[in-house]
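> need the 3D shape of this:
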Amino acid sequence: MSEASRRPDFVIVGAPKSGTTAMYEYLRAHPQLFLPERKEMRFFGSDLDVRDRPTMTVDDYLASFTAAAPEQLIGTAYVWYLFSEQAAPEIAAFAPRVKVIAMLRNPVEMVWSLHSEHLYNGNEDIGDFTAALDAEPDRRAGQRIPPHAHLPQGLRYTEVPRYAEQLERYFTAVGRDRVQVVLYDDFARDVRGAYREVLEFLGVDPAFSPPSFAVINANKRTRSEWFRHFLARPPELPRRVIRHLVPPPLRRSVYERAKRMNVSAARRAPMPPATRERLRRVFTPEVERLSALLGRDLSDWMR
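This is a model prediction of the structure:
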């Protein structure tokens with residue numbers, strides 16, 4: 001792949017469970033933008049301990065954008081780029097004119113939703129959220145990590161939404177004027193307005209609307225834990241046979257279909273009040289710091 005190959009014009013960097021999947025799909029619909037079908041493509045973030053698949057090569061990463069028309073802006077996303085300490089400078093070095101979209105959510109609600117997502121995708125095996133919070137000290141020490149965990153760092157729940165220091169890394173790396181912060185509250189309250197502001201930030205036609213602003217990536221649960229583990233880590237012999245006989249595109253299609261069959265929508269029970277209060281105490285200093293950084297009163301998050 002030539003070094004002159006086109007590189008991303010913008011990157012959605014996170015945070016998890018903050019509307020990034022919906023924004024990604026809405027942006028994909030815009031005719032002036034090109035975003036690959038696959039959202040979570042990890043290329044940056046060399047400090048992330050991701051265990052489900054290897055980091056993409058430069059050639060594979062750039063090949064994901066070859067279908068973009070010359071007049072289209074190229075975008076990509078990976079929600080753990082915000083958490084990563086290395087992703088910001090790595091992105092800036094690779095694509096010096098890049099713009100960054102960071103979507104943030106009330107940290108109490110975000111980690112509550114993140115725990116549910118981890119249970120669904122196999123990164124977590126402690127079903128009780130409060131117990132998962134209690135396990136953080138052990139997990140920082142590398143203990144009590146689920147056998148099928150693909151991102152152990154994501155189990156340190158109270159470290160994930162350190163938004164102020166995370167944004168400051170991007171402000172330093174790419175420039176504050178090239179970072180658009182979208183709050184989940186604003187996005188949920190006025191999805192059209194938040195979408196239009198992102199289009200204006202990217203410099204494309206802000207009057208465009210996708211065919212639908214449908215809810216995307218709602219809370220889910222796994223029907224069968226056994227089947228989920230089988231899909232994540234199939235036995236060696238079947239895995240070798242499948243790799244030998246089934247082409248990669250078909251293999252991925254079958255895998256995604258099987259994964260969808262093992263999923264059902266689910267509404268979680270409310271968070272225990274004592275756990276909510278515990279998180280409020282933990283996150284209040286962080287929210288105050290973020291309020292000062294953005295020049296916006298976010299104290300409602302802690303009420």
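> can you check the pLDDT for residue 226?
Turning to residue 226, the model gives it a pLDDT of 49.
> nope, residue 8 is what I was after
On the pLDDT scale, residue 8 gets 97.
> and what of the one 3 residues further on?
At residue 11, the model reports a pLDDT of 98.
> show me where the stretch 101-250 of the chain has helices.
Taking DSSP state H, counting those that start in this stretch as the criterion, the stretch 101-250 of the chain contains helices spanning 107-121, 129-134, 136-140, 163-174, 184-189, 191-202, 225-232, 236-245, 248-261.
> ranking those by mean pLDDT, which is last?
Here the lowest mean pLDDT among the helices of the stretch 101-250 of the chain goes to helix 225-232, at a mean of 53.
> count of residues packed around the residue lying closest to residue 191 once chain neighbours are set aside?
Excluding its sequence neighbours, the residue lying closest to residue 191 (Cβ to Cβ, 6 or more residues apart in numbering) is residue 213, at 4.9 Å. Every residue, glycine included, has its C-beta placed from N, CA and C. Applying other Cβ atoms under 10 Å, we find 13 other residues in the vicinity of residue 213.
> phi, psi of residue 213?
phi -100, psi 50 (degrees, to the nearest 10).
> just the pLDDT for it.
According to the model, residue 213 scores 80 on pLDDT.
> these two touch, right, it and residue 190?
No. Taking contacts as Cβ atoms under 8 Å, residue 213 lies outside contact range of residue 190: 10.4 Å.
> which residues does the closest residue to residue 168 other than its chain neighbours contact?
Closest residue in space to residue 168, ignoring its immediate chain neighbours: residue 293 at 7.1 Å, by Cβ to Cβ, 6+ apart. Residue 293 makes contact with 164, 167, 168 under the criterion Cβ atoms under 8 Å, 6 or more residues apart in numbering.
> now which of the residues you listed would you call buried?
Among those, those that count as buried by neighbour count (16 or more other Cβ atoms under 10 Å) are 164, 167.
> find the nearest non-adjacent residue to residue 14, please.
Taking Cβ to Cβ, 6+ apart, and ignoring the residues beside it in sequence, residue 14 has residue 82 as its nearest neighbour in space, at 3.2 Å.
> make that residue 136, sorry
Setting aside the residues directly before and after it, residue 136 is nearest to residue 156 in space (Cβ to Cβ, 6+ apart), at 5.6 Å.
> nearest to residue 101, of the contacts of residue 293?
Nearest to residue 101, judged by Cβ to Cβ, of the contacts of residue 293 is residue 167 at 11.7 Å.
> that older thread, next up, the contacts around the residue nearest to residue 136.
Residue 156 neighbours (Cβ under 8 Å, 6+ apart): 136, 139, 140.
> the first one and residue 152 touch, don't they?
No. Under the criterion of Cβ under 8 Å, residue 136 makes no contact with residue 152, lying 11.4 Å away.
> residue 41: which of the contacts of residue 293 is nearest?
residue 167 (22.0 Å).
> do you know how far that closest one is from residue 286?
Plainly put, residue 167 is 11 Å away from residue 286 if you go by Cβ to Cβ, to the nearest Å.
> using the three-state scheme, assign residue 76.
strand (DSSP: H, G, I helix; E, B strand; the rest coil).
> hmm, it is touching residue 68, no?
No. Judged on Cβ under 8 Å, residue 76 makes no contact with residue 68 at a distance of 10.9 Å.
> who's more crowded, those two?
The neighbour count for residue 76 versus residue 68, taken as other Cβ under 10 Å, is higher for residue 76 (28 against 17).
> quick check: mean pLDDT across the one helix or strand the residue nearest to residue 168 maps to?
Remark: residue 293 resides in helix 273-294, with elements defined by DSSP states H and E. Helix 273-294 comes out with an average pLDDT of 98.
> list the buried residues for that helix?
Of the residues in helix 273-294, those scored as buried under the neighbour-count criterion (16+ other Cβ under 10 Å) are 275, 279, 282, 283, 286, 287, 289, 290, 293.
> can you redo those as TSV with distance to residue 56?
Shown next, in TSV, are the buried residues of helix 273-294 (distance: Cβ to Cβ, whole Å):
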residue	distance to residue 56
275	37
279	34
282	35
283	33
286	32
287	34
289	33
290	31
293	32
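> from those residues, pick the one nearest residue 176.
Comparing the buried residues of helix 273-294 against residue 176 with Cβ to Cβ picks out residue 293 as the nearest, at 9.8 Å.
> ok, that closest one to residue 273 distance?
Counting by Cβ to Cβ, the separation of residue 293 from residue 273 is 29 Å.
> can you check residue 80 too?
When distance is defined by Cβ to Cβ, residue 80 is 30 Å away from residue 273.
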